[in-house]
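> generate coordinates for the sequence data below:
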Amino acid sequence: MFAGGRPIDASDTITLWRPTSQAELDLVAASGWRAWPPRLPNQPIFYPVLNSWYATKIAREWNVPAGGVGYVTRFEVQRAYLDRYEVHQVGGRDVLEYWIPAEELADFNAHIVGAIIEEAEYHGPVGDQEFTDAHHALGRALPATWRAYLQGASWFRRGWITGGAHVWLNTPREMLELHHAWDESTDAHPGIAVIGGDGSGEQLVLDLRSDPAPVLLVDITSSGWDSAIRQADSVGELIGRIEAGTFAFDFGD
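Got it, this is the predicted structure:
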């Protein structure tokens, strides 16, 4: 990490998180992922928080209901700069914030070390029509547990799991688009439902020929199910491990 052209040791920084709306994230992206946008007239304070749990709670309980999507972002700030501010405990012992006055935000941005990172994205409920369309296309329904998760108040769309895995989950509509794009490969995997992946070539899929359908890791270019690697015995188990932050891909190495 660098600041002002010189290397910064990790011990010289404090990691902060922020629950972020789509509009705010777009402005952060426009800055090159280097700065938080100026506050609006009715926003006198900028509130970064001191742990991922608290940022996630706000993103899921406030940002998602308000805008259909919520993000958790992470960034580093020079410790010596933050020492001038008090840490505020606004609830339980883990509910901790810094209060940065709006007029000091530009100076705060100047002491960010490295890039602002999008750590996780959460979405609101998926509509019924997507599941109806998937049922018609697949000839069978997606598991009720999967439907309940995607139609809950908020669900993990993509991001980094605590253990280091990057997970991306698909809506039913996105699943069908992938099936169409990979039609020959899909045909080679009867009963497949591509529900996510690692953001690259490996896909998290359900084998709907079984009940409960196991969650497998598949290279979509493979010629069949023989090389699939089991990740969870059911989609409910997968959801539980993602929500707990314990999921990790088994690549069979």
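
> would you check that Asn170 makes contact with Leu178?
Yes: using CB atoms under 8 Å, Asn170 is in contact with Leu178, at 6.9 Å. Where C-beta positions appear, they are placed from N, C-alpha and C, glycine not excepted.

> any common contacting residues for those two?
Shared contacts of Asn170 and Leu178 (CB atoms under 8 Å, 6 or more residues apart in numbering): Val194.

> in the stretch 101-250 of the chain, which spans are strands?
Assigned by DSSP state E, counting those that start in this stretch, the stretch 101-250 of the chain shows strands spanning 112-123, 155-160, 166-169, 192-197, 202-207, 215-219, 229-232.

> between those strands, which one is closest to Leu96.
Among these, strand 112-123 comes nearest to Leu96, with 17.2 Å by CB to CB.

> format the strands of the stretch 101-250 of the chain as JSON lines; extra columns: distance to Ala106.
JSON lines is the format used below for the strands of the stretch 101-250 of the chain (distance: least, CB to CB, whole Å):
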{"stretch": "strand 112-123", "distance to Ala106": "11"}
{"stretch": "strand 155-160", "distance to Ala106": "28"}
{"stretch": "strand 166-169", "distance to Ala106": "32"}
{"stretch": "strand 192-197", "distance to Ala106": "39"}
{"stretch": "strand 202-207", "distance to Ala106": "42"}
{"stretch": "strand 215-219", "distance to Ala106": "45"}
{"stretch": "strand 229-232", "distance to Ala106": "45"}
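
> mean pLDDT, mean neighbour count and distance to Trp33 added to those strands, as JSON lines?
Formatted as JSON lines, the strands of the stretch 101-250 of the chain follow (pLDDT from 0 to 100; neighbours: other CB atoms under 10 Å; distance: least, CB to CB, whole Å):
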{"stretch": "strand 112-123", "mean pLDDT": "98", "mean neighbour count": "19", "distance to Trp33": "4"}
{"stretch": "strand 155-160", "mean pLDDT": "96", "mean neighbour count": "20", "distance to Trp33": "15"}
{"stretch": "strand 166-169", "mean pLDDT": "96", "mean neighbour count": "19", "distance to Trp33": "17"}
{"stretch": "strand 192-197", "mean pLDDT": "96", "mean neighbour count": "24", "distance to Trp33": "23"}
{"stretch": "strand 202-207", "mean pLDDT": "95", "mean neighbour count": "23", "distance to Trp33": "26"}
{"stretch": "strand 215-219", "mean pLDDT": "96", "mean neighbour count": "20", "distance to Trp33": "30"}
{"stretch": "strand 229-232", "mean pLDDT": "97", "mean neighbour count": "16", "distance to Trp33": "31"}
